[in-house]
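S.K.: quick check, what structure comes out for this input:
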Amino acid sequence: MRFDVLTLFPEMFAPFVASGVTRRAYESGQVEVVLWNPRDFAQGNYKRVDDRPFGGGPGMVMMAEPLAACLDAALAARGAGGEVPVVLFSPIGEALRHESVERWSASEGAVLICGRYEGIDQRFIDSRITHQISLGDFVLSGGEIAAMALLDAVARLQPGVLGDEASHVQDSFNPALDGLLDCPHYTRPEQWNGQGVPAPLLSGHHAQIERWRRDQRLTITAARRPELIEAARAAGRLGKADEAVLKKKL
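M.R.: Numbering: from 1, shown residues only. Predicted structure coming up:
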């Protein structure tokens, strides 16, 4: 899959694609990342990409024309027929969730637009953007971190990227765990700062270990994200033993 990223700061992505376990996805070509700078498509000696907002107000607004020219070049370079998703990272976008990450991870990729300053000329958004994505109810100084978050989430789902193929199956929000949050994890030594490891994890009893982990997922999810419990319940994913655990913790 290929992601073309339109950003005024392409240098931010160099260490990102070369670091951590997800670099395997980029090095192998499973996830191709191509960077484009709208400034390269701006006119005039100063290659200006922003201007003051009509109506006044603080900050600057990214101009439509350099973005449109840059986007056209990215789409042409992809050389693919059909509609290519063009994604803008924005507070008004759809929240990025595990389900949507899975869809993107199985797609052919997209063009990712990283906004800056006070925003982007709405005419460009109206005419060229097909999807808007939000990381949450907060504002970043630009879309680069959001783009990296999507790329990282997609890359780690590619075959062979994680050391253990089962790793992502145990992630929080994964349908394989009924959409619950993950359980706590422990490693050596058995004693650290006067704290031990829960006995079930030392038992060697597979069923006991799995029941302990399931109980932890249930109680943590009920405490932190109760709406996920309701969603699992509505989908018929909770059994009698699960409900007993939840009732006991109330």
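
S.K.: verify the stated contact: residue 129 with residue 84.
M.R.: No. Taking contacts as Cβ atoms under 8 Å, residue 129 lies outside contact range of residue 84: 11.9 Å. (Glycine included, C-beta is placed from N, CA and C.)

S.K.: any idea how far the residue nearest to residue 98 when sequence neighbours are not counted is from residue 101?
M.R.: The spatially closest residue to residue 98, leaving aside those adjacent along the chain, is residue 173, at 3.8 Å (Cβ to Cβ, 6 or more residues apart in numbering). Using Cβ to Cβ, to the nearest Å, we find residue 173 at a distance of 9 Å from residue 101.

S.K.: determine the number of other residues adjacent to the residue nearest to residue 98.
M.R.: For residue 173, the neighbour count with other Cβ atoms under 10 Å is 18.

S.K.: check the one 5 residues further on too.
M.R.: Taking other Cβ under 10 Å as the neighbour definition, residue 178 ends up with a count of 22.

S.K.: who's in contact with it?
M.R.: Contacts for residue 178 (Cβ atoms under 8 Å, 6 or more residues apart in numbering) come out as 232, 235, 237, 238.

S.K.: drop anything exposed from those.
M.R.: When the contacts of residue 178 are checked for burial by 16 or more other Cβ atoms under 10 Å, the buried set is 232, 238.

S.K.: closest one of the contacts of residue 178 to residue 208?
M.R.: Closest approach between the contacts of residue 178 and residue 208, by Cβ to Cβ: residue 238, at 19.8 Å.

S.K.: residue closest to the middle of this protein?
M.R.: Nearest to the mean C-alpha position of the chain, by Cα atoms, centre = their mean, lies residue 150 at 3.3 Å.

S.K.: got the phi and psi for it?
M.R.: phi -60, psi -50 (degrees, to the nearest 10).

S.K.: so what strands line up beside the longest strand seen in the chain?
M.R.: Determined from DSSP state E, the single longest strand within the chain is strand 86-95. According to DSSP bridges, strand 86-95 forms sheet pairs with strand 109-113 (parallel), strand 131-134 (parallel).

S.K.: immediately after that strand, which helix or strand?
M.R.: For strand 86-95, the succeeding helix or strand toward the C-terminus, using DSSP states H and E, is helix 98-105.

S.K.: so for that next one, what gets flagged as buried?
M.R.: For helix 98-105, the neighbour count (16+ other Cβ under 10 Å) marks 98, 101, 102, 104, 105 as buried.

S.K.: pull the longest helix from this protein.
M.R.: Longest helix in the chain by number of residues (criterion: DSSP state H): helix 206-224.

S.K.: packing partners of that one?
M.R.: helix 199-202, helix 226-234, helix 240-249 (3 or more Cβ pairs under 8 Å, 6 or more residues apart in numbering; DSSP states H and E).

S.K.: thinking again about what came up before, now do the contacts for the residue nearest to residue 98.
M.R.: Residues in contact with residue 173 (Cβ under 8 Å, 6+ apart) are 97, 98, 179, 180, 181, 228.

S.K.: how close does the first one sit to residue 239?
M.R.: What that stands for is residue 97. With distances taken as Cβ to Cβ, residue 97 is found 25 Å from residue 239.

S.K.: next one: the third one
M.R.: In this structure, residue 179 and residue 239 are 15 Å apart, going by Cβ to Cβ.
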